[in-house]
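would you be able to build a 3D model of this:
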Amino acid sequence: MRRVLVLNQDYSPISVCSSERAFLLIYLDKAELVHEDPDGKLRTVGRSYPAPSVIRLQKYIFIPFKGVMLTRQNLFKRDGNSCLYCGDKNDLTLDHVLPKSRGGSTTWTNLATACKKCNSLKGSKTPEEAKMPLAQKPFKPSYIMFVRNFSGFTSEDWLQYLSLN
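Numbering: from 1, shown residues only. A predicted model of the protein is given here:
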């Protein structure tokens with residue numbers, strides 16, 4: 001499935017959708033085509049249309065909070081679907097860097113993707129105490145960073161709208 005970057009009326013990125021959904025928004029005059037996908041076409045029985053790569057909404061949508069939700073899937077995406085201790089990609093779970101039993105919180109900066117083996121070996125220790133260094137320090141991704149790096153980025157056309165942060 002092709003992915004399409006959706007821009008607000010002011011050209012700020014607000015989401016990513018399927019090319020079929022983007023075409024429907026264009027067809028209903030709720031959005032305009034900003035960039036088309038040169039490798040794709042959408043076909044009906046009688047016509048062929050350019051596949052969108054970037055669309056812009058006709059009306060401004062007020063979005064009060066533009067952040068990345070803290071979910072298991074989003075944490076796995078941030079960490080490249082691999083254990084931050086050993087790099088394994090199987091039997092993944094989440095690890096509290098500072099264990100909950102020692103006051104650690106469930107936040108972007110305290111959660112890391114870990115395989116079950118490493119999570120068990122680390123136990124209720126910090127990575128330093130367990131002598132298990134993290135491949136990268138856990139961080140909270142910005143919304144634009146998340147769209148650019150983790151949401152199925154597919155087109156160079158997106159870069160000019162996503163390189164703001």
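
buried stuff in the helix or strand bottoming out on mean pLDDT in the chain?
Scoring the helices and strands of the chain by mean pLDDT, DSSP states H and E places helix 143-150 at the bottom, with a mean of 74. Across helix 143-150, burial judged by 16 or more other Cβ atoms under 10 Å covers 143-148, 150. Backbone N, C-alpha and C define where each C-beta goes, glycine included.

quote the end-to-end distance of stretch 146-162.
Chord length of stretch 146-162, first to last residue, is 10 Å (Cα to Cα, to the nearest Å).

contacts for it next, please.
2-3, 5, 7, 11-13, 15-16, 34-35, 37, 53-54, 68, 74, 77-78, 141, 144, 163 (Cβ atoms under 8 Å, 6 or more residues apart in numbering).

could you chop this protein up by domain?
Under the assignment automatic domain parsing, the domains of the chain span 3-65+142-162, 72-122.

pipe those into TSV and attach distance to Glu128 per row.
Shown next, in TSV, are the domains of the chain (distance: least, Cβ to Cβ, whole Å):
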stretch	distance to Glu128
domain 3-65+142-162	27
domain 72-122	10
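
mean pLDDT lowest for which of these?
For the domains of the chain, the weakest mean pLDDT is recorded on domain 3-65+142-162, namely a mean of 86.

what segments of this protein are helices?
19-27, 72-78, 116-122, 143-150, 159-162 (DSSP state H).

give the buried residues for the shortest one.
By neighbour count, and taking 16+ other Cβ under 10 Å as the criterion, the buried residues in helix 159-162 are 161-162.
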